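Visitor: Model the structure of this input:
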Amino acid sequence: MKTVIIGGVAGGATAAARLRRLDEKAEIIIIERSGYISYANCGLPYYIGGKITDKSALTLQTPQSFYSRFRIDARVNSEAVEIDREKKTVLVRDLKTCGEYTESYDKLILSPGARPVIPPLPGIDSKRIMTLRTVEDTFRIYDYIDQNAPETAVVIGGGFIGLEAAENLMRRGIKVTLIERDAHVMPPFDGDMAGLLHGCIKSEGIELMTASAVTGFEERDDCIAVNTDGGVSVNADMVIMSVGVAPESALAKAAGLKTGLRGSIAVDDHMRTSDKDIYAVGDAVEVTQLVTGAKALIPLAGPANKQGRIAADNICGIGSTYKGSQGSSVLKLFGMTAAATGLSEKAAEAAGLEYDSVILSSASHATYYPGATNMTVKVTFEKGSGRILGAQIIGYDGVDKRIDVLAVAIRAKMTAYDLTELELAYAPPYSSAKDPVNMAGYAIENLLTGKVEQLHWRDIEKLPQDAVLLDTRTDAELAMGGIRGAVHIPVDSLRERLDELPKDKKLCVFCQSGLRSYVACRILSQLGFDCCNIAGGYGYYSAAFGESAPLKEGRRPCGLK
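Guide: The predicted structure follows:
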């Protein structure tokens, strides 16, 4: 059996190694257009920032190491330019000599990855504008900084690569402006959660411009001007273009293979294309979104590695299947960690699901043990069933641990009731007896069983004009900031001051995080008051919404006098 693999990196290299482990006699050839057969894509920004200092650390395998261990013929600087499906051959061009030759195959695996989107804007061909996708891109940016000592940079795009690039340019002493076309950075996150990231970005000295589309570039004597649709022009010494990626599927299209979303390569659950002898894996393929069952593009390294293994299994007669991707991801942003899995509220709405979300502020471990930090946890669930649809967490310590548990819960189709029963490892330095994952389950369970009514800050202006805001925080917390016009009664004094509250009006109760206001709602509802708990509390309101908060300081809320 002879298998040719077009593209290395995650999916292709994994498929090759798995093929060898399954079949010692197979002939395996990798055709890789770049000069590196298997490298750490996700580590590239950290080389630019100096966190990773050894070039060789970015290279996971070389053609020589691949051959020594696996007897795989890995050919770098080689581009597959044409597939002849009838003859079962690939036309290959040697990019160093420009010579071409034909390679036959029994089975073919396509792992071409995705290419950076480069919009056709005026001035886009400037040498000051760079993308960050390959090892060569990384070295080019690193060398440009070394040789030109830029003082300012514009990063266009607030996704994973854009934010990581912005952080690492800052670490090189470069002043960064980050421009994002949408209203918030990080598309996997809802706008309110992304607001927490906005605060972090600005606090680190990055100039953040959201809801701003770049319209073109102008070369000037000593800089490049980045023009936006708002009429603002930003001068910089260099630009990193990071507005997303598109499937690298031209070769597959030319071969007549079936395509899917945005021209991606369509595959079945065995990673087989419309040609029974050709498989495809990685960022170029269309996958099934695990939660909704809809087709999607989810260009992440984890899924690519799994798909490569599954393609190799099927070539060797093992009927492995790929059940879909949920988009689990994590980002380091300066000292902060942001992670997401499954559906955001926006995605759940687009899928037509009946959903709601809970928002918690939880400590990373027992608060009496030194070093505990807060994390904001948002879990989206299906109304009625309580099935967990998605989660977003932003904080410092322990974020990755909790998002992984919730990722497993989503894949296992667990409900909020299941979360309450999870037995997770506990010791004061690592967690609390009731882990944040358990607490999310409890919060959702309270909503599902009618123990409390919930209101989101974004919906507060939809309430009747005579609704009353009730602040149950302490006097000290109120002194740190509050909402003008809200009735203030600390939760511990609530029972003694019930006569100050009307029973004929809706009470919208909040505290700093949402926990004490839940306690207040339980007291009030059992005593005949009509009340709801505002998700996330004042802390979430002020941090997540910032300047766009629905009830700014000094504004009269909900008809209060």
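
Visitor: Please make it C-alpha for all contacts and neighbour counts, starting now.
Guide: Will do.

Visitor: now the strands for the stretch 251-400 of the chain?
Guide: Ranges of strands in the stretch 251-400 of the chain, per DSSP state E, counting those that start in this stretch, are 278-280, 287-288, 295-296, 329-333, 336-342, 355-363, 374-382, 388-395.

Visitor: Now mean pLDDT too, for these, in a markdown table please.
Guide: Putting the strands of the stretch 251-400 of the chain into a markdown table (pLDDT from 0 to 100) gives the following:
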| stretch | mean pLDDT |
| --- | --- |
| strand 278-280 | 98 |
| strand 287-288 | 98 |
| strand 295-296 | 97 |
| strand 329-333 | 96 |
| strand 336-342 | 97 |
| strand 355-363 | 97 |
| strand 374-382 | 97 |
| strand 388-395 | 98 |
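
Visitor: Of all those, which one comes closest to A427?
Guide: Across these, A427 has its closest neighbour in strand 355-363 (13.2 Å, CA to CA).

Visitor: for the stretch 101-250 of the chain, what spans make up the strands?
Guide: 107-110, 114-116, 129-130, 152-156, 175-179, 207-209, 214-219, 224-228, 233-236, 238-241, 245-247.

Visitor: Redo those as JSON lines? Include mean neighbour count, mean pLDDT and distance to E136.
Guide: Shown next, in JSON lines, are those (neighbours: other CA atoms under 10 Å; pLDDT from 0 to 100; distance: least, CA to CA, whole Å):
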{"stretch": "strand 107-110", "mean neighbour count": "26", "mean pLDDT": "98", "distance to E136": "21"}
{"stretch": "strand 114-116", "mean neighbour count": "18", "mean pLDDT": "95", "distance to E136": "14"}
{"stretch": "strand 129-130", "mean neighbour count": "20", "mean pLDDT": "98", "distance to E136": "11"}
{"stretch": "strand 152-156", "mean neighbour count": "25", "mean pLDDT": "98", "distance to E136": "19"}
{"stretch": "strand 175-179", "mean neighbour count": "23", "mean pLDDT": "98", "distance to E136": "22"}
{"stretch": "strand 207-209", "mean neighbour count": "18", "mean pLDDT": "97", "distance to E136": "28"}
{"stretch": "strand 214-219", "mean neighbour count": "18", "mean pLDDT": "97", "distance to E136": "24"}
{"stretch": "strand 224-228", "mean neighbour count": "21", "mean pLDDT": "98", "distance to E136": "23"}
{"stretch": "strand 233-236", "mean neighbour count": "19", "mean pLDDT": "98", "distance to E136": "23"}
{"stretch": "strand 238-241", "mean neighbour count": "24", "mean pLDDT": "98", "distance to E136": "14"}
{"stretch": "strand 245-247", "mean neighbour count": "19", "mean pLDDT": "96", "distance to E136": "17"}
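
Visitor: Quick check: which of these is nearest to K295?
Guide: Ranking the strands of the stretch 101-250 of the chain by proximity to K295 (CA to CA) places strand 245-247 first, at 14.2 Å.

Visitor: What strands flank the closest one, and is each parallel or antiparallel?
Guide: strand 114-116 (antiparallel) (DSSP bridges).

Visitor: and the residue of the chain most remote from its centre, what does it touch?
Guide: For the chain, the largest distance from the centre (CA atoms, centre = their mean) belongs to D499, which lies 47.9 Å off. Contacts here follow CA atoms under 8 Å, 6 or more residues apart in numbering; on that basis D499 touches nothing.

Visitor: Name the SS class of it, please.
Guide: helix (DSSP: H, G, I helix; E, B strand; the rest coil).

Visitor: Could you number the chain from 48 rather than 1 from now on?
Guide: I'll keep to 48 as the first residue from here, and by that count the last item is D546.

Visitor: roughly how far apart are it and D577?
Guide: Separation of D546 from D577 (CA to CA, to the nearest Å) stands at 14 Å.

Visitor: same deal with S125?
Guide: Separation of S125 from D577 (CA to CA) stands at 70 Å.

Visitor: which one of the two has more residues nearby?
Guide: Set S125 next to D577 and count neighbours by other CA atoms under 10 Å: S125 wins out with 24 against 17.

Visitor: tell me the mean pLDDT over stretch 98-118?
Guide: For stretch 98-118, mean pLDDT is 88.

Visitor: Correct me if wrong: A359 contacts L66.
Guide: Yes. Counting by CA atoms under 8 Å, L66 is a contact partner of A359 at 5.3 Å.

Visitor: These two: who's more crowded?
Guide: Using other CA under 10 Å as the criterion, A359 and L66 rank with A359 on top: 30 against 26.

Visitor: mind checking pLDDT for the more buried one?
Guide: 98.

Visitor: about what we covered before: nearest to T224, out of the strands of the stretch 298-447 of the chain?
Guide: Going by CA to CA, the one of the strands of the stretch 298-447 of the chain nearest T224 is strand 376-380, 15.3 Å.

Visitor: so what strands line up beside that closest one?
Guide: Going by DSSP bridges, the partners of strand 376-380 are strand 383-389 (antiparallel).

Visitor: so how far is the partner strand from its chain's centroid?
Guide: 6 Å (CA atoms, centre = their mean, to the nearest Å).

Visitor: contacts for it?
Guide: Here strand 383-389 makes contact (CA under 8 Å, 6+ apart) with 235-236, 247, 337-338, 373-379, 436-444, 446-447, 450, 453-454, 457.

Visitor: Tell me which of the strands of the stretch 148-297 of the chain sits nearest to S404.
Guide: Of the strands of the stretch 148-297 of the chain, nearest to S404 by CA to CA is strand 254-256, at 27.6 Å.

Visitor: Could you report the separation of the residue farthest from the centre of the chain from D172?
Guide: Note on D546: its distance to D172, by CA to CA, is 70 Å.

Visitor: same deal with G529?
Guide: Per CA to CA, G529 is found 50 Å from D172.

Visitor: Of those two, give the one with the bigger neighbour count.
Guide: Each of G529 and D172 has its neighbours counted (other CA under 10 Å); G529 has more, 19 against 12.

Visitor: So the more buried one, which state does it fall into?
Guide: For G529, the secondary-structure state derived from three-state DSSP is coil.

Visitor: R569 too?
Guide: Recorded secondary structure, R569: helix (three-state DSSP).

Visitor: and what of the one 3 residues further on?
Guide: Under the three-state scheme (three-state DSSP), S572 adopts helix.

Visitor: For the residue nearest to A299 when sequence neighbours are not counted, grab the count of nearby residues.
Guide: Of all residues not flanking A299 in the chain, I312 sits nearest, at 7.0 Å (CA to CA, 6 or more residues apart in numbering). Neighbours of I312 under the rule other CA under 10 Å: 30.

Visitor: Provide the partner residues of the nearest residue to A327 once chain neighbours are set aside in its beta bridges.
Guide: The shortest distance from A327 to any non-neighbouring residue, by CA to CA, 6+ apart, is to L157 (4.4 Å). Per DSSP bridges, the residues bridged to L157 are I53, A327.

Visitor: My read is that L157 contacts V328, right?
Guide: Yes. Using CA under 8 Å, L157 is in contact with V328, at 6.3 Å.

Visitor: Next, show the common contact partners of the two.
Guide: Common neighbours of L157 and V328 (CA under 8 Å, 6+ apart) are G59.

Visitor: can you map out the helices along the stretch 148-297 of the chain?
Guide: 182-195, 207-218, 238-250, 297-301 (DSSP state H, counting those that start in this stretch).

Visitor: highest average neighbour count across those?
Guide: Counting by mean count of other CA atoms under 10 Å, helix 207-218 has the highest mean neighbour count of those, with a mean of 23.

Visitor: for stretch 108-122, the distance to its chain's centre please.
Guide: 33 Å.

Visitor: which parts of that stretch are buried?
Guide: For stretch 108-122, burial by neighbour count (16 or more other CA atoms under 10 Å) applies to Q108, T109, P110, F113, F117, R118, I119, D120, A121, R122.

Visitor: Just the residues contacting that stretch, thanks.
Guide: By CA under 8 Å, 6+ apart, the residues outside stretch 108-122 that reach it are 63-64, 67, 74-79, 83-86, 123.
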